[in-house]
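In: Here is a sequence together with a model predicted from it:
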Amino acid sequence: MKYTISECDAGLTIKSFLYGRLKFSTALVKRVKYREGGILLNGESATVRRILSKGDVLELLWEDAEEDENEYTAPFDIPIDVIYEDEFVTVVNKPPMMPSHPSLGHKDDTVANALAYKYKNGNKNAPFVFRPVNRLDRDTSGIMIVARNKISACRLCAFQKSGLIHKSYIAVLCGIVAPERGEISSFMAREEGSIIKRRVCDSSLEGAKFALTRYKTLSSSCGLTAVAASPVTGRTHQLRVHFASVGCPILGDGMYGEPSELISRQALHAAFIEFPHPESGETLRLSAAVPRDIRECCDIDFDSFYEELLRF
């Protein structure tokens, strides 16, 4: 990537430019610093101590190389709904029952495998590294952000830690949640004896982390309630644990509630996301329609709620 140095950046060292202006992580600075030809100033190799002048052309070599490929990159031809993509970020609408990344028992049927196939076969066999910014449970459908390179991953993770990535989910709950709009806050920790299950706990418990969820009721029908929910914090299984803790587990969630004849998974869908683009800073607002299995499990018109999600 090339950068032409402006007057306001003149006088900075390359190191200051990388950390301050480009928001590089320490790992990414080391990557370009120690890579052959990683930093070029006006076409010549340069150290991070060099002083920049107006009009200088700074080139950085940080693109993935063969040694960056990892276990997530095995390509398999699997259909995947891409709702936004450019050279910096890809956003997909993950279908239900598809894992985000490979694990024991799921080596070739994941979002990672699908994107590895898409980009390896469409980009001259360039190496693909799976860099998910947010992950969804296998049974949860909806929007996932995947960074296309190390710089984007670094910036998007920083946005997430700073609370600049806003997510809204649609969930169908068992029962009627009260009040109709509110917050659920607690501390959460791993269930003793389990590597997967989480629970609400006292703040003094070792490993306890604060969790905050905001929600509002969209509609109720036949003992079920559709809500829009925003996990302000990003704890594992946060929405599933929080709604179960107030007596309204997500429909079909066999781990924190009961299986249902109405749907074969938890009725949870990541429907909307808003975040700054990692390169331009422009705000992206993306949505993913509620899948058929959730639509068919209750008599609720989900399409009418997307404007509500935009304002949530």
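Out: Happy to help now that I have it.

In: for the host helix or strand of Val32, packing partners?
Out: Using DSSP states H and E, Val32 sits in helix 26-34. When contacts are defined as 3 or more CB pairs under 8 Å, 6 or more residues apart in numbering; DSSP states H and E, helix 26-34 sits against helix 150-161. C-beta here means a position set from N, CA and C on the backbone, and glycine is covered the same way.

In: buried residues in the helix it packs on?
Out: Going by neighbour count (16 or more other CB atoms under 10 Å), the buried part of helix 150-161 is 150-157, 159-160.

In: possible to save the residues you listed as JSON lines with distance to Lys167 and pLDDT?
Out: Formatted as JSON lines, those follow (distance: CB to CB, whole Å; pLDDT from 0 to 100):
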{"residue": "Lys150", "distance to Lys167": "23", "pLDDT": "82"}
{"residue": "Ile151", "distance to Lys167": "22", "pLDDT": "84"}
{"residue": "Ser152", "distance to Lys167": "18", "pLDDT": "89"}
{"residue": "Ala153", "distance to Lys167": "18", "pLDDT": "88"}
{"residue": "Cys154", "distance to Lys167": "20", "pLDDT": "83"}
{"residue": "Arg155", "distance to Lys167": "17", "pLDDT": "88"}
{"residue": "Leu156", "distance to Lys167": "13", "pLDDT": "91"}
{"residue": "Cys157", "distance to Lys167": "15", "pLDDT": "86"}
{"residue": "Phe159", "distance to Lys167": "12", "pLDDT": "90"}
{"residue": "Gln160", "distance to Lys167": "10", "pLDDT": "89"}
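
In: Tell me the one of these nearest Leu136?
Out: Relative to Leu136, the closest of the buried residues of helix 150-161 is Gln160; by CB to CB it sits at 14.3 Å.

In: That closest one and Gly252: what is the separation?
Out: For Gln160, the distance to Gly252 (CB to CB, to the nearest Å) stands at 28 Å.

In: Kindly report the same for Val82.
Out: In this view, Val82 and Gly252 are 27 Å apart by CB to CB.

In: For these two, indicate the residue with more neighbours.
Out: Gly252 (23 against 13; other CB atoms under 10 Å).

In: which residues sit in contact with the more buried one?
Out: 259-260, 262-267, 297 (CB atoms under 8 Å, 6 or more residues apart in numbering).

In: Narrow the residues you listed to those that are buried.
Out: Using 16+ other CB under 10 Å, the buried members of those are 260, 262-263, 265-267, 297.

In: rewinding a little: so which of the buried residues of helix 150-161 comes closest to Asp9?
Out: Sorting the buried residues of helix 150-161 by distance to Asp9 puts Ile151 at the head of the list, at 17.2 Å, by CB to CB.

In: Which secondary structure elements does the helix or strand harbouring Leu284 sit against?
Out: According to DSSP H and E, Leu284 maps onto strand 283-287. Contact here means 3+ CB pairs under 8 Å, 6+ apart; on that basis strand 283-287 packs against strand 81-85, strand 268-276, helix 306-310.

In: tell me the most buried of these?
Out: Most buried of the helices and strands packed on strand 283-287, by mean neighbour count (mean count of other CB atoms under 10 Å): strand 268-276, with a mean of 23.

In: Adjacent strands (with direction) for that one?
Out: strand 141-147 (parallel), strand 166-174 (antiparallel), strand 283-287 (antiparallel) (DSSP bridges).
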